[in-house]
Structure formats: structure tokens, C-alpha cells
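[1] sharing a model prediction with you, sequence too.
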There are 2 protein chains.
Amino acid sequence: MRYSKQRELILQTVKYSKSHPTADDVYHLLKAQNPDLSLGTVYRNLNHLASQGEIYRIEVMGDSDHYDGNMEMHFHMSCKACKRVMDIPHDVAPDLKEKAELKTGYQIDSYDIAFSGICDKCQKLN
Amino acid sequence: MRYSKQRELILQTVKYSKSHPTADDVYHLLKAQNPDLSLGTVYRNLNHLASQGEIYRIEVMGDSDHYDGNMEMHFHMSCKACKRVMDIPHDVAPDLKEKAELKTGYQIDSYDIAFSGICDKCQKLN
DNA sequence: ATCAATAATAATAATTATTACTATTTATAG
DNA sequence: CTATAAATAGTAATAATTATTATTATTGAT
């Protein structure tokens, strides 16, 4: 994989953001300072970076994909109220791979937990 | 919600299928015997039935949504080889709601685990 | 049973997210 | 420095799903 200024910008944007941005978010965040950035480039590089394990792809029910630069094992919750994506620590569900393999005989390569609920801030606004 | 023959057919197809069909699968399964069934009707009713808690929507990474008529709490694995969706029993991860709420302070309304791996049949074909 | 009200439908158009294509630009090995 | 191939911008295309609209069918009241 050859260096490109665009990929570097995209990677940094995802790494330094705490908001789990979508492809479109990344595009708009960068477009102001980089007027000839192309949306296709953002998609291509997010895919590339995700498949290289440099960033994490978060699938949100009925929403576009989000991305996370934090590669420590953890999960996510989509807040029904503000629609933001929040982090959930990994230790709510350790050993899931081993347990599922034992129960089923399938070979588990990966898994992801998609939580849905109401975040702390939105609970207070009630 | 008023009765319709189409909704009944769609519900029965999902309930009696063990293959976790997609909207398009349901459409094609029924289309032969019901030539003027519309794909939009299938989508509308699958959404309706899922929101009423009569069937379960399964989101598969990079694939269209699948549906499951088995409403007992359980999870799914998408087989990387044959692309089929397999069941994973609920007891691989009990108490996940409570654990996540304690750890985070968020209100968890639901969660789903998406496993990815190789099913028993595909393992043998190696 | 008949009939109006309105929910559901079929057919089609539109939308949204994402990927593919193509000509041009740019990183980098030699 | 230059040739090569990977990456890009800009645009077109695709796939999944949702919206629109005119028609049909269910149901509750007469």
C-alpha cells in the first residue's frame, strides 16, 4: 500500500475523532481544508484501512457505517435519542468466541455486539 | 393492523423457513404461487412484522437484511464460506444487558451479537 | 348482506449508501 | 530523472430499500 496524503488525512481524522464518524462525516470534515478530496477516495480508504486492521468498522442498524480509530477490543451502543455511537467496554462479554465455538462446533473468527439504548446525557434530558 | 393475505403468506414463509431468508428470498419463494405479489409489499410487511415483534431482523455485515421467525432469544453467525446464517444459542452471553448497564450507566434496550466464522459443514469441506 | 371508510396492495419512481469506471496525477523503485 | 503502477477526482452505476399513487380489499356500521 503506497502512501497518499489523502489516506493519511482520513486515518488521522478517524484516529483523533471521538465521535465514530461515517464516511460522509469524514468527507465533510476534510473537504473544507481539502477542496478537491473525493468522496470515493474516502470510501476506498476507509475500506482499505479497515481491512488492514488500522481502523474499525461499526455497523449501525438502519444507518450508514461508522468508523472507530480505537483498535482496543470493545463494543458500541447506538443511542436511540441522539443517534450518537458510544463505547461499551470489552469485559462485558469476555470468552464469547470460546463459548460459542464450544456450544456450536462452528469456527468463530470474529464477533461484534451492537447495543441499542439511551446514553447518559439523553437520560438526563428527560 | 388489518389482515391481508400477503402479510399472512410472508409471516408463514419466515416462520417456517429455517434458512433466515432475505426480503428478496421471501419475495421469490412466494412469487411463483402468487404472481402479483409486489416486492414493496414484502419489504413493508417484513418491517411491520419486525416492529411488532413477530419476526426478528438479522443484520449481516455487507449483506442485505435477513429475517428469522424464531423469536426465542438467540444470536447468529454468518458463514464466510457458504454465506448462510446459522443460529447461536443465547446462553453464550447471558446478563449482557445488566453488565453493560452497570459498566456504562447507559440504558440498554436491546443488543445483538453478529458472529462471523465457518459453519460445521464448510469446515468438513476442507 | 350492503356499503362506505380507510388500510393494504401492485407497480413504479425515488432515495441512500456505496462501489465501479476512466482519465489524470503522484509516489517511489531503479 | 524517469518509467511504472497505485491512487486520485469526478462521474456513472448499482443494490437495497423506501416513497408515491392509483387501485383493491378488509372491516365496522347500517
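    Cool, got the structure.

[2] from A:Pro94, how far out is A:Met71?
    17 Å (Cβ to Cβ, to the nearest Å). The C-beta positions use only the backbone N, C-alpha and C, and glycine is treated the same way.

[3] ok, A:Arg2 next?
    38 Å.

[4] compare the two (neighbour count), which wins?
    Using other Cβ atoms under 10 Å in any protein chain shown, the more surrounded residue of A:Arg2 and A:Pro94 is A:Pro94, with 11 against 4.

[5] quick one, what contacts A:His120?
    Careful, residue A:120 is Asp; it's not His. Each residue near A:Asp120 by Cβ atoms under 8 Å, 6 or more residues apart in numbering or on different chains is listed here: B:Thr104, B:Gly105, B:Tyr106.

[6] and for the first one, the neighbour number?
    What it means is B:Thr104. 19.

[7] what does the one 3 residues further on give?
    For B:Gln107, the number of neighbouring residues by other Cβ under 10 Å comes to 18.

[8] could you do A:Thr13 as well?
    19.

[9] pick the one among the contacts of A:Asp120 closest to DNA strand D.
    For these, the residue nearest DNA strand D by Cβ to the nearest atom of the strand is B:Tyr106; the value is 24.9 Å.

[10] for the closest one, give me its contacts.
    A:Met77, A:Cys79, A:Met86, A:Ile88, A:Phe115, A:Gly117, A:Ile118, A:Cys119, A:Asp120, A:Gln123, B:Ala100.

[11] possible to save those as CSV with distance to A:Val42 and pLDDT?
    Shown next, in CSV, are the contacts of B:Tyr106 (distance: Cβ to Cβ, whole Å; pLDDT from 0 to 100):
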residue, distance to A:Val42, pLDDT
A:Met77, 25, 97
A:Cys79, 24, 95
A:Met86, 23, 97
A:Ile88, 26, 97
A:Phe115, 27, 96
A:Gly117, 29, 96
A:Ile118, 30, 96
A:Cys119, 27, 96
A:Asp120, 31, 96
A:Gln123, 33, 95
B:Ala100, 31, 97
